[in-house]
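S.K.: With the input below, show me the fold.
(2 chains)
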Amino acid sequence: MNSFVDLLISLPELFLVLTAMGMMVAGVYTSAGKAYTLISNAAVLSLFGAIGLVLFAKTGTTLAFNDLFINDGFAQYIKIILLLAAALVILIGDRAVRKIKIAHFEYPILIIFATIGMMLMVSANDLMSLYVGLELQSLALYVVAALNRDSLRSSEAGLKYFVLGALSSGMLLYGCSLIYGYAGTTSFTGLETAVAGASNISLGLLTGLVFLIVGLAFKVAAVPFHMWTPDVYEGAPTPVTAFFAAAPKVASMALFVRITMGPFQGMADQWQQIIIVLSILSMVLAALAAISQTNIKRLMAYSSIGHAGYALIGLGAGTKQGTTAILIYLAIYIVMVIGTFACILCMKRKGNSVEQINDLAGLGKSHPAIAAALLLFMFSMAGIPPLAGFFGKLYIFLAAIEAELYSLAVIGVLSSVVGSFYYLRIVKVMYFDNLSDELDSVTGKRISVIISLCALTILLFFLSPSLLVDSASTAASVLFEK
Amino acid sequence: MMVQAIAFYVFAGVTIASAAMVIGSRNPVHSVLFLILAFFNSAGLFVLMGAEFLAMTLVIVYVGAVAVLFLFVVMMLDINFVKLRQGFLQYLPIGGLIGLVLIVELLMVVSGWVVSPAGLKTAAINSQAIDGVSNTLALGRLIYTEYVYLFQASGLILLIAMLGAIVLTLRQREGVKRQRITDQLDRKPEDSVEIIDVKTGSGV
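M.R.: Okay, the predicted model is just below:
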């Protein structure tokens, strides 16, 4: 065993772990006033450094640490999205974090640790490393949800997330133990042989897989395992909510893909039904429940449930095209979500952040630039061409039709139409409702730059979609060439 | 052999007796102390079975951490256990019924228990002890070589648990006077000692 090679393969993770620990030490020895600024800048730099390392280490599929860790094109694609999302979230949340007095230097460090956990998740090649990565991510997220400890709602969100997250981890572990018991191995490579070689799938293995899927469905917030999402999204501090909506969702969805398309490929006809039901329920419930929401963070929670449903369509297809579509969808989703949350973070009245949809009234007149950006994001989420969100949905539905899942595609399109109602309602409130109290003008160069970058990406995506589509299909093909 | 049998019966007997006392004793502090006694005796049972690593972890983790935590909780929270026990008689019938059902189920499972001969053979293959390698050594070899990645990642999880506990609970209080040794050492006689010329009969 050559351990040095192992370390090289996991270089981005190793780099982040070491810098995060270094930052913990630096944060303690810096005076309280300066620590947050120093550490959050260092965190953003190290996240971008890690992106560089992921790109640098781009070499085929390699296993490390006794086959517990895998680094392939798929993992690298997801890791780049995750790192980018984490860095952007720290940047856009900067002012809000100071305002609600949660600017502890531990905040960016916890975000980094959560990101490391997600990177371990997408690089898992064993049920054990899957669980360790998942737990690393979840534990850091529980803490950041409750970070605003003077706010009752934030503490409640943290506690709720913790208790329900522990429950889902328990179910996932139960599933893992059943799978281990009936397949005799925890390694994905071993499981793949066990599943492919079996003449008839044992009931125990199937039950284990169902529990595993339930645990993962909880993490991606697919209906009926979505109950925690609106409360946690609403209660957690807004910059944290932005992170919740972006990175963990992508990581869990990637893990979903890795497990179902990898070791359990041979049982596709079994898990496909579950995924299709999850997908339909998520899309329909999200579209209907979001209509009556008045809080924009709750609305975004339902929107994220709906998006999880759309992404699951691609998984339900169970084809390479479906996987490619998921990867494209996730990348576009991240840009839309970060852009939208950057706009939400700009919503302030007399210095205090507001989060009701009615507070947006008259935004079109008072802040035309922000309103235009939010309009783009909402149109894109609703899937209106030629914005990027339309292409995301297009590839997903195409994959479903190619896999002959016509009814799934039709339900998807219908719920997308219903869903566009609440996205368009925001646009209506912004442009056609009378100005209530005017919101503060946007402060901060970084957040304006990020909003404009996201908006431009969404707007100009149609000019060369191949940039993203090609890399997504290369990443997806890794899972299918064996 | 004789000594082993005696040791087994002593450990097992004390374990069961102290376990009964955990539920039976009136004072919750006594309950926790009996729990610790039960842990120690189960550790003895593990040693008898040749699982010295499990025995050590049981003592370190359960006695050292969990039981002491219980003790703190019992002493600090000041829960009125007498009140908690009220209504015991009221719920006895239904509780007893459920207990009875569980016992019957257990008996049915245990009486119908058959170990397949093939399973026994494979179990024997897997659990053959290597000469001169103790449990602890074998586990250590696995954890620090094959599973070093998981070991390190679990370490990270513990680090986050610590970080989270500090972030969520540590509060800097206002107006607390702390001893600053550097300030104390920096003091010079001129800053703190003043020589006043007192005239006779006038006071300071």
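
S.K.: partner strands of the helix or strand of chain A with the lowest mean pLDDT, parallel or antiparallel?
M.R.: Sorted by mean pLDDT, DSSP states H and E, the helices and strands of chain A end with strand A:352-353, the least confident at a mean of 78. Note on strand A:352-353: by DSSP bridges, its sheet partners are strand A:348-349 (antiparallel).

S.K.: what is the rounded mean pLDDT of the strand it pairs with?
M.R.: Along strand A:348-349, the predicted local confidence has a mean pLDDT of 82.

S.K.: what does stretch A:330-342 give?
M.R.: Mean predicted confidence for stretch A:330-342 is 95.

S.K.: buried residues in it?
M.R.: The neighbour-count criterion (16 or more other Cβ atoms under 10 Å in any protein chain shown) identifies A:330-342 as the buried residues of stretch A:330-342. Yep, even glycine has a C-beta here, placed from its N, CA and C like the rest.

S.K.: Same question for stretch A:433-449.
M.R.: Of the residues in stretch A:433-449, those with enough neighbours to count as buried (16+ other Cβ under 10 Å) are A:439, A:440, A:442, A:444, A:447, A:448.

S.K.: Tell me the residues of the stretch 51-200 of chain A that contact chain B?
M.R.: If contacts are counted using Cβ under 8 Å from any Cβ of the partner chain, the residues of the stretch 51-200 of chain A sitting beside chain B are A:64-66, A:68-69, A:104, A:106, A:109-110, A:113, A:116, A:120, A:128-129, A:132-133, A:135-136, A:139-140, A:142-143, A:146-147, A:149, A:158.

S.K.: which residues sit against the least confident helix or strand of chain A?
M.R.: Outside strand A:352-353, the residues within contact range by Cβ atoms under 8 Å, 6 or more residues apart in numbering or on different chains are A:96, A:99, A:100, A:238, A:345, A:347.

S.K.: could you pull out the helices for the stretch 351-482 of chain A?
M.R.: Under the criterion DSSP state H, counting those that start in this stretch, the stretch 351-482 of chain A carries helices at the ranges A:363-366, A:368-382, A:388-402, A:406-432, A:445-460, A:466-480.

S.K.: do the same with the stretch 101-250 of chain A
M.R.: Ranges of helices in the stretch 101-250 of chain A, per DSSP H, counting those that start in this stretch, are A:106-122, A:127-145, A:152-183, A:188-197, A:203-220, A:228-235, A:238-261.

S.K.: Remind me what the longest one packs against, helices and strands.
M.R.: Where contact means 3 or more Cβ pairs under 8 Å, 6 or more residues apart in numbering or on different chains; DSSP states H and E, helix A:152-183 is packed against helix A:127-145, helix A:188-197, helix A:203-220, helix A:228-235.

S.K.: again, but for the fifth one
M.R.: Contact analysis of helix A:203-220 by 3+ Cβ pairs under 8 Å, 6+ apart lists helix A:152-183, helix A:238-261, helix A:268-289, helix A:296-317 as its packing neighbours.

S.K.: any chance of those helices in TSV, plus mean neighbour count?
M.R.: Conversion of the helices and strands packed on helix A:203-220 to TSV gives the following (neighbours: other Cβ atoms under 10 Å in any protein chain shown):
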stretch	mean neighbour count
helix A:152-183	18
helix A:238-261	26
helix A:268-289	20
helix A:296-317	27
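
S.K.: Any idea which of those gets closest to residue B:25?
M.R.: helix A:152-183 (31.2 Å; Cβ to Cβ).

S.K.: Pull the distance from the helix or strand encompassing residue B:6 to the chain's centre.
M.R.: Element membership of residue B:6 [criterion: DSSP states H and E] is helix B:2-24. Averaging C-alpha positions (Cα atoms, centre = their mean, to the nearest Å) puts helix B:2-24 20 Å from its chain's average.

S.K.: So for that helix, what gets flagged as buried?
M.R.: B:11, B:14, B:15, B:18, B:19, B:21, B:22.

S.K.: Can you list the helices and strands that the helix or strand just after that helix packs against?
M.R.: Heading C-terminal from helix B:2-24, the first helix or strand you meet, by DSSP H and E, is helix B:28-48. On a contact count with 3+ Cβ pairs under 8 Å, 6+ apart, helix B:28-48 meets helix B:2-24, helix B:52-57, helix B:68-77.

S.K.: Now tabulate those in JSON lines and tack on mean pLDDT and distance to chain A.
M.R.: Formatted as JSON lines, those follow (pLDDT from 0 to 100; distance: least, Cβ to the nearest Cβ, whole Å):
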{"stretch": "helix B:2-24", "mean pLDDT": "93", "distance to chain A": "26"}
{"stretch": "helix B:52-57", "mean pLDDT": "92", "distance to chain A": "19"}
{"stretch": "helix B:68-77", "mean pLDDT": "82", "distance to chain A": "18"}
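
S.K.: Among the ones you listed, which comes closest to residue A:308?
M.R.: Judging the helices and strands packed on helix B:28-48 by Cβ to Cβ, what sits closest to residue A:308 is helix B:68-77, at 38.5 Å.

S.K.: Could you list the low-confidence segments of chain B?
M.R.: B:79, B:81-82, B:85, B:122-130, B:204 (pLDDT under 70).

S.K.: Now with 90, please.
M.R.: Across chain B, the stretches falling below the confidence threshold (pLDDT under 90) are B:1-2, B:23-32, B:49-52, B:63-92, B:112-139, B:141-142, B:145-146, B:169-204.

S.K.: Can you pull up the most central residue in it?
M.R.: Within chain B, one residue has its C-alpha closest to the average C-alpha position: by Cα atoms, centre = their mean, that is residue B:66, at 2.0 Å.

S.K.: again with chain A
M.R.: Mean-position check on chain A, Cα atoms, centre = their mean. Result residue A:249 at 2.6 Å.

S.K.: show me the residues around it that make contact.
M.R.: Contact analysis of residue A:249 by Cβ under 8 Å, 6+ apart lists A:220, A:221, A:304, A:307, A:308, A:330, A:333.

S.K.: Against residue A:210, how distant is the last one?
M.R.: Right, residue A:333. Here the criterion is Cβ to Cβ, to the nearest Å. By it, residue A:333 lies 26 Å from residue A:210.
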